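1. Here is the input, now give the coordinates:
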Amino acid sequence: MKNFSKLLSILIVCGLSVGCGLFKGDTSDMEAPSIEPRFANSGKIELKVNKVNVVSEFTPSFRRPNVEHLFPVSIEKTARLWADDRLEAVDYSSPKTAQVIIKDASVTEELEPTDAFFDKDRIKYHATLYLIVKITDSNDLSSAGTEVEAWRELTIPADTPIEDKEKYWNKMVYDLFNDFNQRMDYNIRKYLGPYVAND
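-> Take a look at the predicted model:
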């Protein structure tokens, strides 16, 4: 039993990535639509498991400073769509399951007042996606896992009209998932390689 536990601990691997960004400016070049992005064009990652389960452990508070519920493009929903578009179970005889766990899908806002007469107060938004992919067996023991925590920041004038705010918010979420999709693809192939059928 001791040897099994030691072997199991050796097999458990984890990759953590942090992506960030800060952008300011006008909205003239922002074309991100107010619907969740899809990832089918990135191709399927075929996993040697019998199924892929997606679980969200994130509970929105619906209270400021959290404002993710105001965003037209939901980070949590997009994370579920990412798993559906990118991950596919291809070994139905396997005792193993892929678990996709959404740990964080939040957005917070913070007012940044200014003392300068001609400057405007600003609002800083911080969006976070923290997601784990792990392979477990029938006894719910983890064989391998990887995680990515990606984030983006946005600072805009406090008096930005709501229609422009939504353009900024949408672009921030799209950019967040562009970062996340690349990093998680890399991590899965690196850390979960033995369980990837089409690597």
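
2. pLDDT weak spots in this structure?
-> Segments of the chain classed as low confidence (criterion: pLDDT under 70) are 1-32.

3. Would you map the helices across it?
-> Ranges of helices in the chain, per DSSP state H, are 2-11, 75-86, 162-191.

4. Compare the ones you listed and give me the one nearest Phe62.
-> If you check each of the helices of the chain against Phe62 by Cβ to Cβ, helix 75-86 wins as the nearest, at 13.1 Å. Glycine gets a C-beta too; all of them are placed from N, C-alpha and C.

5. neighbouring contacts of the closest one?
-> Residues from elsewhere that reach helix 75-86 (Cβ atoms under 8 Å, 6 or more residues apart in numbering): 36-40, 42-45, 52, 54, 56, 58, 60, 68, 100, 102, 105-107, 127-129, 131, 173, 176-177, 180-181, 184-185.

6. Take those and keep only those in strands.
-> 45, 52, 54, 56, 100, 102, 105-107, 127-129, 131 (DSSP state E).

7. export the helices of the chain to CSV and tack on distance to Asp137 and mean neighbour count?
-> Rendered in CSV, the data for the helices of the chain read as follows (distance: least, Cβ to Cβ, whole Å; neighbours: other Cβ atoms under 10 Å):
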stretch, distance to Asp137, mean neighbour count
helix 2-11, 10, 10
helix 75-86, 20, 20
helix 162-191, 17, 19
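
8. How about Lys120: what's its closest non-neighbour residue?
-> In space, not counting the residues next to it along the chain, Lys120 is nearest to Pro157; the distance is 4.6 Å by Cβ to Cβ, 6 or more residues apart in numbering.

9. Can you give me the neighbour number for Phe62?
-> Other residues near Phe62 number 10, with proximity taken as other Cβ atoms under 10 Å.

10. Help me confirm that it comes into contact with His69.
-> Yes. Proximity of Phe62 to His69 meets the contact threshold set by Cβ atoms under 8 Å, at 5.4 Å.

11. between the helices of the chain, which one is nearest to Phe117?
-> Using Cβ to Cβ as the criterion, the shortest distance between Phe117 and the helices of the chain is 23.9 Å, found for helix 162-191.
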